[in-house]
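Visitor: Here is a sequence together with a model predicted from it:
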Amino acid sequence: MWRLRRAAVACEVCQSLVKHSSGIKGSLPLQKLHLVSRSIYHSHHPTLKLQRPQLRTSFQQFSSLTNLPLRKLKFSPIKYGYQPRRNFWPARLATRLLKLRYLILGSAVGGGYTAKKTFDQWKDMIPDLSEYKWIVPDIVWEIDEYIDFEKIRKALPNSEDLVKLAPDFDKIVESLSLLKDFFTSGHKLVSEVIGASDLLLLLGSPGETAFRATDHGSESDKHFRKGLLGELILLQQQIQEREEEARRAAGQYSTSYAQQKRKVSDKEKIDQLQEELLHTQLKYQRILERLEKENKELRKLVLQKDDKGIHHRKLKKSLIDMYSEVLDVLSDYDASYNTQDHLPRVVVVGDQSAGKTSVLEMIAQARIFPRGSGEMMTRSPVKVTLSEGPHHVALFKDSSREFDLTKEEDLAALRHEIELRMRKNVKEGCTVSPETISLNVKGPGLQRMVLVDLPGVINTVTSGMAPDTKETIFSISKAYMQNPNAIILCIQDGSVDAERSIVTDLVSQMDPHGRRTIFVLTKVDLAEKNVASPSRIQQIIEGKLFPMKALGYFAVVTGKGNSSESIEAIREYEEEFFQNSKLLKTSMLKAHQVTTRNLSLAVSDCFWKMVRESVEQQADSFKATRFNLETEWKNNYPRLRELDRNELFEKAKNEILDEVISLSQVTPKHWEEILQQSLWERVSTHVIENIYLPAAQTMNSGTFNTTVDIKLKQWTDKQLPNKAVEVAWETLQEEFSRFMTEPKGKEHDDIFDKLKEAVKEESIKRHKWNDFAEDSLRVIQHNALEDRSISDKQQWDAAIYFMEEALQARLKDTENAIENMVGPDWKKRWIYWKNRTQEQCVHNETKNELEKMLKCNEEHPAYLASDEITTVRKNLESRGVEVDPSLIKDTWHQVYRRHFLKTALNHCNLCRRGFYYYQRHFVDSELECNDVVLFWRIQRMLAITANTLRQQLTNTEVRRLEKNVKEVLEDFAEDGEKKIKLLTGKRVQLAEDLKKVREIQEKLDAFIEALHQEK
């Protein structure tokens, strides 16, 4: 750099010199010029005789800008002596300055290339930190959004201000003597630049290359070692010297150690080596634990959300969480198309009370499972997904609640929740269930994997268990272990005799070659105390005692048997035991085969290895299944959308809600018409049979009105309001059913019929009419029936019309009843060839006899006297017809009813012109129309009641029904079994399978992509 600065200064000075010289009009004494300037003005000055040839040679030899020979300068004949001024000196000065520029340019290019190459070497040595870019806060990458660099640039001084700060070149002119040394050493500068930058082939000639290699090799190497590469070479030499010293020291130490070993006996030698090996292993184990603890804390700090920070980073979903979601979807998928779930998972199997749940808790670093002494606690499979996170928490797949595993209260709540879910999964009459409980456990330092804890294998079914418990447990275990990619974690109780084990035979059947089995011997502390021969434990761990084979064998200790022990206490006890155990000191067990920590590391490695080997094959199989399902859908339902069960339910839900809303759009007139008609159909029999007919039997109008008032009052107090509410409720149901079942034309989808019917029935069942409706309705009806004043002729005619319709309908019903009683008349017998039965003939003879009696006395009362019954019976017997008195009464009831109704209709016709007499209260008139007034009161009561019920419907009950329908739909939406029951068919099942397969494939593809990125 200092050479570059000197060259720049020289260039500046020379330009200044040219500037000053060109401005001199007079002569300039040669003695007052600088050495270089005198050489320019007078090439034969005595002081330059020695330097000039060397300078010209140097410039000719080290020109690096062209391979052509430099053009020689032509000098005019010069006389010795004082030359006041030459006219060609600017050309010579320009030539010198151009050569100086070449030197500066070559030096700059060479130095820049050397710096770039050194920078690239150092850049290649720096590790790739792009994977840890997420650790740096986003604000660092977005700092240009917060800091305005343009303002900072404008605040800095410009080039003119910087020029003012430059030194005074007039003073520098006085020290131009330094340029002599610079020009004389120019060839060395160029040689050094070329040697350091490897640009010789581009910038130098072959002659120059040879010159640099011969004459200036030692000096270039000296300057090269002064650079960064030279320092690295020196550093490497120092490292090699240190290694040689270490080897010599190690050789001396080994020699002395060998001499010392010769003095010790063979037994002491072995003990000493084992002791040293054990201490070394424990030492490194402690170091490893300390580093893991520090790493755990650092990861926790990195993963925690910064509450006080500038931003909150959204963490990506972890790889194991993505894989767990795939398994959750697969567990719900019904493999109807021979697509089996062969994705890896760690299956934990073992005999009951062998300690498999305890091993799983040690791996999860929390006591999360229900505890029991000797009884079956694991009643259904529990899928535990272990992943790394900032906090040690657990949560279920279908719940958002997080259980803090560092708090004993949350641990107890979690164990209680798992036990409740297990009991809920177990059906009545069963002991275990194949339904899986999905649990996610996150925490710093946890090994990422998916484990499934299965019910313990039993040998005998005890009291209180279902008879098929043993077979069910075997079938569940086989279903999980027959997966060719499942890792079997076989748990064997070391405190009991190995011959009592059941699970080892089961595992050897499912994995005879042991390619995916890891054997774990638990309760080794009890085994060491109880087993007389420790070599038996060694045989188990070496795989020589059991017929089964395994990838690896491990020995662990899961506590002292106290259920209240913490994970930390169990881990300390386990390490202390193996540190003092004879099994490890005597090399019966190897250090990597003990502790649950080593077990979890080995299981995790095996799990991810299996995942990487098999996941892509599973993804391909699901792609094929998806293609088959899509082809089947296109062939069977080409014009329909692929709606699964949930989407179909949402579509049906919208249709039902639209139909409920349409109830509020029914016109008030329509409501009142159907309510009035339905209410009259309900109460017409009571009005005619219990009110009108008894009152009509009275002798005068006063008694008629009194009887009517009494019966109407009784009817209003007891029955009428309740009947009216029932009619309104039934009318609402009928209208709701009509809207629900009414076909919608081409858009109607019969797949919703069962669902709509179930929603309708459940909504009607839940709906209850307002309790205060009857009380308010009773008052309104009582006031309506109390009114007897008909205001105009129109109302009078309407009452007569209403009365005629009611009486004619009743007369028609009576005639039908008589016809059924006496059989067909002579016309039907001749036309339709029908005959009467013996009973019908008796009824016909009785009817004819009673009609004769009525013709004799048309004002006969409604009931027959006993002597009249006897007379009728004797008259019939005289004609050979035997009758019973009860038959005579029944026939009389229908005959007199018809006679009364015909008489009432004739009277009704007479009352059409009776409104004038009514206004005069029938004074001086033989016509009395009190029955018309009765029917007017009934008609007015029906109209007022219908209006009141219509208001209750539109203002209250329709809204309440709509609310009930929404509640029913929400309940059905949460009940998966209900939806499966109500939305059925091949179309629904095919859409469900297609949706599941697509979801599985998409999740598998996302997982595979993330897995490749992690690699």
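Guide: Cool, the structure landed.

Visitor: ok, then the element right after the helix or strand harbouring A569?
Guide: Secondary-structure element containing A569, defined by DSSP states H and E: helix 567-580. Going down the chain from helix 567-580, the next helix or strand is helix 582-585, by DSSP H and E.

Visitor: Show me what the helix or strand just after that next one is packed up against.
Guide: Per DSSP H and E, helix 582-585 leads on to helix 596-636 as the next helix or strand towards the C-terminus. With contacts defined as 3 or more C-beta pairs under 8 Å, 6 or more residues apart in numbering; DSSP states H and E, helix 596-636 has these neighbours: helix 356-364, strand 449-453, strand 487-493, strand 517-522, strand 552-555, helix 567-580, helix 986-1014. All C-beta spots, glycine's among them, are computed from the backbone N, C-alpha and C.

Visitor: you'd agree K996 is up against V329?
Guide: Yes - using C-beta atoms under 8 Å, K996 is in contact with V329, at 6.6 Å.

Visitor: Neighbour count for those two, which is higher?
Guide: K996 (22 against 17; other C-beta atoms under 10 Å).

Visitor: Now do the same for the more buried one: its pLDDT.
Guide: pLDDT, the model's per-residue confidence, is 85 for K996.

Visitor: Point to the helix or strand of the protein where mean pLDDT is at its lowest.
Guide: In the chain, no helix or strand scores lower on mean pLDDT, DSSP states H and E than helix 200-203, which sits at a mean of 34.

Visitor: still on that earlier bit, what comes into contact with the helix holding A569?
Guide: For helix 567-580, the external contacting residues (C-beta atoms under 8 Å, 6 or more residues apart in numbering) are 278, 282, 285, 361-362, 365-367, 524-525, 556-560, 565, 584, 589, 594-597.

Visitor: Give me the residue ranges of the stretch 701-850 of the chain where confidence is low.
Guide: In the predicted model of the stretch 701-850 of the chain, residues 743-748 satisfy pLDDT under 70.

Visitor: can you pull out the helices in it?
Guide: 701-718, 720-741, 753-766, 773-786, 793-822, 826-832, 838-856 (DSSP state H, counting those that start in this stretch).

Visitor: Show me the shaky parts of the stretch 301-450 of the chain.
Guide: In the predicted model of the stretch 301-450 of the chain, residues 301-317, 331-341, 372-375 satisfy pLDDT under 70.

Visitor: ranges for the helices of it?
Guide: 319-332, 356-364, 408-425.

Visitor: Now the last one: buried residues?
Guide: What it means is helix 408-425. Using 16 or more other C-beta atoms under 10 Å as the test for burial, helix 408-425 gives D410, L411, L414, R415, E417, I418, E419, R421, M422, N425.

Visitor: what packs against that helix?
Guide: Helices and strands touching helix 408-425, by 3+ C-beta pairs under 8 Å, 6+ apart, are strand 393-396, strand 403-404, strand 437-443.

Visitor: among these, which is nearest F739?
Guide: For the helices and strands packed on helix 408-425, the distance to F739 is smallest for strand 393-396, at 41.2 Å, taking C-beta to C-beta.

Visitor: List the neighbours of that closest one that are in contact with it.
Guide: Contact partners of strand 393-396, identified using C-beta under 8 Å, 6+ apart, comprise 366, 368, 401-405, 414, 417, 421, 437-443.

Visitor: 6 Å instead?
Guide: The list of residues contacting strand 393-396 from outside it, by C-beta atoms under 6 Å, 6 or more residues apart in numbering, reads E402, F403, D404, L405, L414, L439, N440, V441, K442.

Visitor: Not counting sequence-adjacent ones, nearest residue to the fifth one?
Guide: Counting by C-beta to C-beta, 6 or more residues apart in numbering, L414 lies nearest to F403, which is 4.3 Å off, once chain neighbours are set aside.

Visitor: and the contacts of strand 393-396 as TSV, adding distance to Q733?
Guide: Putting the contacts of strand 393-396 into TSV (distance: C-beta to C-beta, whole Å) gives the following:
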residue	distance to Q733
E402	47
F403	48
D404	52
L405	54
L414	48
L439	47
N440	48
V441	52
K442	53
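
Visitor: can you tell me which of those residues lies nearest to E616?
Guide: The shortest distance between E616 and any of those, using C-beta to C-beta, involves N440 and amounts to 24.9 Å.

Visitor: What is the neighbour count of E471?
Guide: Using other C-beta under 10 Å, E471 is surrounded by 11 other residues.

Visitor: ugh, wrong one, I meant G702
Guide: Burial measure for G702: 10 neighbouring residues, criterion other C-beta under 10 Å.

Visitor: what do you get for E859?
Guide: 6.

Visitor: Return the distance of V958 relative to F736.
Guide: 9 Å (C-beta to C-beta, to the nearest Å).

Visitor: give the contact list for V932.
Guide: For V932, the residues meeting the contact criterion (C-beta under 6 Å, 6+ apart) are A799, I800, C911.

Visitor: any idea how far T595 is from I570?
Guide: Applying C-beta to C-beta, the value for T595 to I570 is 11 Å.

Visitor: Check V965 too.
Guide: For V965, the distance to I570 equals 56 Å [C-beta to C-beta].

Visitor: Which one's more surrounded, the two?
Guide: Applying other C-beta under 10 Å to V965 and I570 shows that V965 carries more neighbours, namely 25 against 21.

Visitor: which ones are touching the more buried one?
Guide: The contact partners of V965, by C-beta under 6 Å, 6+ apart, come to V660, S763.

Visitor: give me the element it is part of.
Guide: Assigned by DSSP H and E, V965 falls in helix 958-974.

Visitor: got the angle between that helix and helix 720-741?
Guide: Between helix 958-974 and helix 720-741, the angle comes out at 50 degrees (axes from the mean of the first three to the mean of the last three C-alpha atoms, to 10 degrees).

Visitor: Lovely, talk soon.
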